[in-house]
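A.B. asks: 3D, please:
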Amino acid sequence: MPFNRESYKQIATQGFFSEYLPPCFFLDKKVLNYVPPENCDIIQPYCFTMSKYDQADSRRNIYIPELGSYLVLHEYMWNNNLLKELIDFTKSEDYSFSPVINQQGQIYRFEQSYGQTEEVLEESFEICSDYIENISKKIIKATGAKLILKLDISNFYGAIYTHLIPTIIMGYESAESEYRQSQKGENLSPTYEKYSKLDKLVRRMNLNQTNGLLAGPFVSRLISEALLTRIDKEIKSENIRFVRYVDDYEIFVFDDNTETTKSKIDLILRKYNLTINNEKTREEKFPYYINKNLNKLFTDLHIDEFDNEHLMDMFNSFFTLENKGTKGAIRFLLKSLEKNPIDISNSELYKAYLLRQQLHRPIKIHF
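C.D. replies: Coordinates of the predicted model:
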């Protein structure tokens, strides 16, 4: 992956705002020339909420950090090669389907990872060729499994303990040993000192709090993905086969010891101050991945002009897929129609379908 000063600038300017905001939200590159002193004032980040567009009408907190502390952090990461180190580390295992940087060195937006899990499929709208490839990888990894255990980490971003940042590169035991040395005033390795300083600067964006990363800035996503990559290595050492999208795990169980497997993962997560969200835990038995190539289906059904029959055929095809287990099929259809508008002869019928969907399961769309 090409990674130079221009790549850094693009990450720093585009990564200030959450990927949930439109692409027009970014910093001017000129601000990177005005990095304040490291001991600049600690100012509370701005927080706003966005709807998750689910039936419960729940909302997610999104943060915008104080600009000075953000610039100090990014300058430190560039000067100490931390951006590249962390990005490379996230690629050291092949269990994650949530890459942070693409081959061009640009931030990989969440919607570009279309179709990694049921939950992600519901929130992923780009027509992306990675979908079929990733499903194929899952099927191969699941060969011979009796069931798939689906796990989710509780309050993931809010639960991350920033003092564990040095464990990402060093491993838990080595970082813990150096921490004890630091308490005795003994000499520390350059790696530990470098990542302890990173911990300090990350905390300055969040009023020096040690619990939680700010959901929004790209650097939080990078650190969290890198931390999960370290955890992936520990799960791998237990001879557990799995895949992951951010903090959603799909564990392939090959025997009748589902609880034993879950307990092993739970112990590893607790070591890192994380816990399993038992309310979201579920088992899925064979066949595991019944998925339709939604992109191909949409292309096949999309014509220049829609009459009533074609319109009903398109919506009914996606409604049927959703009802049969392809979660997010309807959402994919609506977002595809947003990007590829159709010429309809009966606008009232079209509006009726849209209204039906919004009443049963609201989706953020722009027409």
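
A.B. asks: After the helix or strand bottoming out on mean pLDDT in the chain, which helix or strand is next? Please name it.
C.D. replies: Lowest by mean pLDDT, DSSP states H and E among the helices and strands of the chain is helix 118-122, with a mean of 40. Note on helix 118-122: by DSSP states H and E, the next helix or strand toward the C-terminus is helix 130-141.

A.B. asks: Let me see the backbone angles for the nearest residue to residue 275 once chain neighbours are set aside.
C.D. replies: Leaving aside its sequence neighbours, residue 275 sits nearest to residue 154 (CB to CB, 6 or more residues apart in numbering; 4.9 Å). For every residue, glycine as well, the C-beta is placed using N, CA and C. The phi/psi pair for residue 154 (degrees, to the nearest 10) reads phi -70, psi 130.

A.B. asks: Residue 154 reaches residue 281, doesn't it?
C.D. replies: No: because the distance of 10.6 Å does not satisfy CB atoms under 8 Å, residue 154 is recorded as not touching residue 281.

A.B. asks: Give me the residues contacting the host helix or strand of residue 193.
C.D. replies: Secondary-structure assignment from DSSP H and E places residue 193 in helix 190-204. For helix 190-204, the external contacting residues (CB atoms under 8 Å, 6 or more residues apart in numbering) are 38, 42, 69, 72-73, 76-77, 80, 82, 162-163, 165-166, 168-170, 175, 178-179, 182, 188, 209-210, 213, 219-220, 223.

A.B. asks: let's see 7 Å
C.D. replies: Helix 190-204 is contacted by residues 42, 69, 72-73, 76, 80, 82, 162-163, 165-166, 168-170, 175, 178, 209-210, 223 when judged by CB atoms under 7 Å, 6 or more residues apart in numbering.

A.B. asks: Now for residue 89, how many residues are close by?
C.D. replies: When counting by other CB atoms under 10 Å, one arrives at 17 neighbours for residue 89.

A.B. asks: show me what contacts it?
C.D. replies: Neighbours of residue 89 in contact, by CB under 7 Å, 6+ apart: 168-169, 226, 229.

A.B. asks: now do 10 Å
C.D. replies: Remark: with contacts taken as CB atoms under 10 Å, 6 or more residues apart in numbering, residue 89 is in contact with 168-169, 222, 225-227, 229-230.

A.B. asks: Give me the distance between it and residue 232.
C.D. replies: Note on residue 89: its distance to residue 232, by CB to CB, to the nearest Å, is 11 Å.

A.B. asks: do the same with residue 12
C.D. replies: Look at residue 12 and residue 232: by CB to CB, they are 27 Å apart.

A.B. asks: Looking at these two, which has the bigger crowd around it?
C.D. replies: More crowded of residue 12 and residue 232, by other CB under 10 Å: residue 12, with 25 against 22.

A.B. asks: Figure out how far the host helix or strand of that one is from the centre of its chain.
C.D. replies: Here residue 12, judged by DSSP H and E, is contained in helix 5-14. Its chain's C-alpha centre and that of helix 5-14 lie 20 Å apart, by CA atoms, centre = their mean, to the nearest Å.
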